[in-house]
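Colleague: whatever this is, show me its structure:
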Amino acid sequence: GEICAFKIHGQEMPFEAVVLNKTSGEGRLRAKSPIDCELQKEYTFIIQAYDCGSGPAGTNWKKSHKAVVHIQVKDVNEFSPAFKESVYKASVTEGKIYDSILQVEATDEDCSPQYSQICNYEIVTPDVPFAIDRNGNIRNTEKLSYDKQHQYEIMVTAFDCGQKHATEDVLVRVNVKPVCKPGWQDWNKRIEYRPGSGSIPLFPSIRLETCDGPVSSIHITIELQNNYIGKGCDRETYSEKSLQKLCGASSGAIDLLPSPSTTTNWTAGLLVDSNGIIFKFDGKQGAKIPDGIVPKNLTDQFTITLWMKHGPSPGLRAEKETILCNSDKTEMNRHHYALYVHNCRLVLLLRKDFHQADTFRPAEFHWKLDQICDKEWHYYVVNVEFPVVTLYMDGTTYEPYLVTNDWPIHPSHIAMQLTVGACWQGGEVTKPRFAQYFHGSLASLTIWPGKMESQKVISCLQACKEGLDINSLESLGHGIKYHFNPSQSVLVMEGDDIENTNQALRKVSYINFRQFPTAGVRRLKVSSKVQCFGEDVCISIPDIDAYVVVFQANEPKITITGMDHFARPAAQFESERGVILLPDIRIVSTVTKMERPEDLREHDRANKQVVVEEMLHNLDFCDVLVIGAELDPEQECLELDRGELQGKHLDATNSTAGYSVYGVDSMFSYEQALRQLRYRNWGTSATSGRKFRVKCSELNGRYTSNEFNLEVNILHSSNSNFMDHVNHMIVQPQFLQSVQHPEGSVSAVHSSVIPSVATIVVITCVSSLVAVITLGVFRLRTARQHGSAGHEAAKDTDMDWDDSALTITVNPMEKYEKPHQTEEESEEEDIDDEEEDTTSAESDDSEEEEEEEEEVIVQKGHIQNATRQEQLECD
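Modeller: Numbers count the residues shown, from 1 in each chain. Below you'll find the predicted structure:
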């Protein structure tokens, strides 16, 4: 009648049932070990009750029916929320409001819905334009700007429904992308160019952003805008004469707009720019070309060349604007030939005289070109081979669109006036004056009478020394087409592949061939047009505006050195060849540079280190000017064999003011030419000397040398013998050496002081008188006592030379010929030598005989003294 046990049926249930009261049958169900809801939230099993049974072992007990027990484990909030990702990333485009940028998600390991569910998310980072909802969706609360901030980093936490928050917050990165704008990326607006750098790439890392557009082809135009540098670009700034010689132009060119000087003063009143080669005409100025500069009547063949920068004509009614005009000087107003601009047309007027032609013939040739009025520099060449006239503009050929005929001009004896910048109106007015003024800029206006220039020479004269270039053309890639304009200031490229086009544009470079380029800014403009499949134009690519900064080259210092003073006998100046003026002239150029900081030692970096380096460059002229009165062409001149200039880009002009060698060539070539320049004077009696000044230039006077002064003295016959000695001593002092003599002899020393001619004459006369009296007594005495000694002395006189410069001469050979001689005998022989020298000085022998005698003496002395360490040298 009692309950003895409860039994649980199931697989290893963590529970047990114990009997509390056998009589009443009350029992308790309890856990045998800790219960974890996260491992198992529910348990279901069967339980039965057993009586105490019968028998000692209780094996025959009775059991109750089965009862089902269902247990639910109550949860405890022991776990915190945790995010699934360690970092969340997202990208947004600027200027947009998003409903959801990204979603963060956290989990909780608790088992119950109350503690395992995430009820809320929260942004921990303050003051950010973002918000998050309870599902973890992050959105922006305002429009984002790429320029303001490229990236945002925010921290987010999560809460479960038991309000337990995550132990670790999560990082969320939001990248802001700019709005995709088609265009070129990764290029620099400023490009620096240092002289001598060669070719440098303009856009080494450039790429095209198309915003995923279906591009089929791209057309690119790169333009170097250098038309405000010099005459349209960086060209050589040599004089027109030097450029013509350099380009191989035919000789005979006449420069009508030379730089103002004493000999070319007709341009002195015109407006010029800083370097003096560009002339500006404001409609109020003209220049008269002196008579004789240009032949009166041009032949059927001639060439006119000029640089011109011209804009639209001022005023409503356009007047003729004269570039070059040859008209009547007085009485009448006939234009014989002229070159002018009218209504943006270039017109050549060429009227023949009746003695040249008596028929209706072509007289006006018209060209209509946009470039005439575009306010840009252009190079014009008018080649006349009558009746055919051809215009070359920037190297391109243009035929006249209109040719009008006219009758020849009636013959007259009226003189003609050639003018530039306006036309001279000599008749039909109360007072002759200029008319038809030019408005614009002109440079290098040149006329070749009877000459026609080749296309090659024309191209050379107007060639640019800077431009665009392409590095390694062979690696441009497939499908890339390109084209340069003649001056290489514009490059056009076409391609059908974006990456190949990017690579090609990275190879476009700037190059300047000048050793001393014009410093300043060159603007760059890159314009692009993109086509897409099936569409004409799909996207618009903004232009690139950049600029190249060309730095100033280090300024060279040109130095001229050489012998700056010498004297020669008058006979040499009067000879057919004259005297070479600059036998040892040396032209050297140096440049001063600052050492780079990385090349300096640490203790030297505080002090700026200066390095002077020799550099090689060309010269364009060297002038040898006469100081003082100009040369008298009746009795003196400067000469240079024309053969010395052959094979060089050199020419020369001669005048009474000096000698000028010009042309673009090396300093070595100028040295060679100047070393052959001779001075002749066949009227030396009226001249005691001349002074000259040498000065050289590079780039038409942009860099000039020092002024090297040379003084030349002409020695006349009265003092030529003495001055031969003195001149040699002054010019070449390094050849004077000390000579050891035997005991008792006297050293011969040249005097370093040059006495005047009067002093020399007086001293010579007095010395001669004293010497004759004294030597007469000595010779009588020595003749009796030393007969044999006289014989030896006669031999020694062969070694004597002219002593007109009051030098005491000894015989250096006596040490070897007469070792047994006494001191007294040596003194007597020296006296005999003096007598012979004095007699020679008073004789009427010619200078040539004295020079020959001296040569023989030197040769003998050299042979007999071959074994000696000391060598005797004489003039």
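
Colleague: my guess is Asn137 meets Gln103, correct?
Modeller: Yes. Because the distance of 5.0 Å satisfies CB atoms under 8 Å, Asn137 is recorded as touching Gln103. For glycine as for every other residue, the C-beta is placed from the backbone atoms N, C-alpha and C.

Colleague: return the distance of stretch 524-537 from the chain's centre.
Modeller: On the basis of CA atoms, centre = their mean, to the nearest Å, stretch 524-537 sits 35 Å off its chain's mean C-alpha point.

Colleague: quick check: Ala504 is in a helix.
Modeller: Yes. When classified by DSSP: H, G, I helix; E, B strand; the rest coil, Ala504 is found to be part of a helix.

Colleague: roughly how far does it sit from Ile222?
Modeller: Applying CB to CB, to the nearest Å, the value for Ala504 to Ile222 is 11 Å.

Colleague: common neighbours of those two, please.
Modeller: Taking CB atoms under 8 Å, 6 or more residues apart in numbering as the contact rule, Ala504 and Ile222 both touch Met493.

Colleague: for Lys280, which non-adjacent residue is spatially closest?
Modeller: Leu271 (4.3 Å; CB to CB, 6 or more residues apart in numbering).

Colleague: then Glu109?
Modeller: Nearest residue to Glu109, sequence neighbours excluded (CB to CB, 6+ apart): Phe79, at 4.1 Å.

Colleague: mind listing what that neighbour touches?
Modeller: Glu38, Asp108, Glu109, Asp110, Tyr115, Lys164.

Colleague: same question for Tyr510.
Modeller: Ile191, Tyr193, Ser199, Ile200, Leu202, Leu224, Glu466, Gly467, Leu468, Asp469, Arg522, Val548.

Colleague: before we move on, what about His366?
Modeller: His366 makes contact with Arg345, Leu346, Val347, Pro400, Tyr401, Leu402, Val403, Thr404 under the criterion CB under 8 Å, 6+ apart.

Colleague: buried ones among the residues you listed?
Modeller: Buried residues within the contacts of His366, counting neighbours by 16 or more other CB atoms under 10 Å: Arg345, Leu346, Val347, Pro400.

Colleague: so the last one, which state does it fall into?
Modeller: Right, Pro400. coil.

Colleague: that one - nearest residue in space that isn't next to it in sequence?
Modeller: Phe365 (4.3 Å).

Colleague: how far off centre is the one helix or strand the one you found maps to?
Modeller: Counting by DSSP states H and E, the element that carries Phe365 is strand 361-368. Distance, stretch centre to chain centre, for strand 361-368: 43 Å (CA atoms, centre = their mean).

Colleague: got it, and stretch 422-430?
Modeller: 48 Å.

Colleague: for the lengthiest strand in the chain, buried residues please.
Modeller: For the chain, the longest strand by residue count, based on DSSP state E, is strand 520-532. Buried positions in strand 520-532, judged by neighbour count with 16+ other CB under 10 Å: Gly520, Arg522, Leu524, Val526, Ser528, Val530, Gln531.

Colleague: ok, now stretch 528-545?
Modeller: Buried-residue list, stretch 528-545, by 16+ other CB under 10 Å: Ser528, Val530, Gln531, Cys538, Ile539, Ile541, Ile544.

Colleague: circling back to that earlier point, per-residue pLDDT, the residue nearest to Lys280?
Modeller: Leu271 is assigned a predicted lDDT (pLDDT) of 87.
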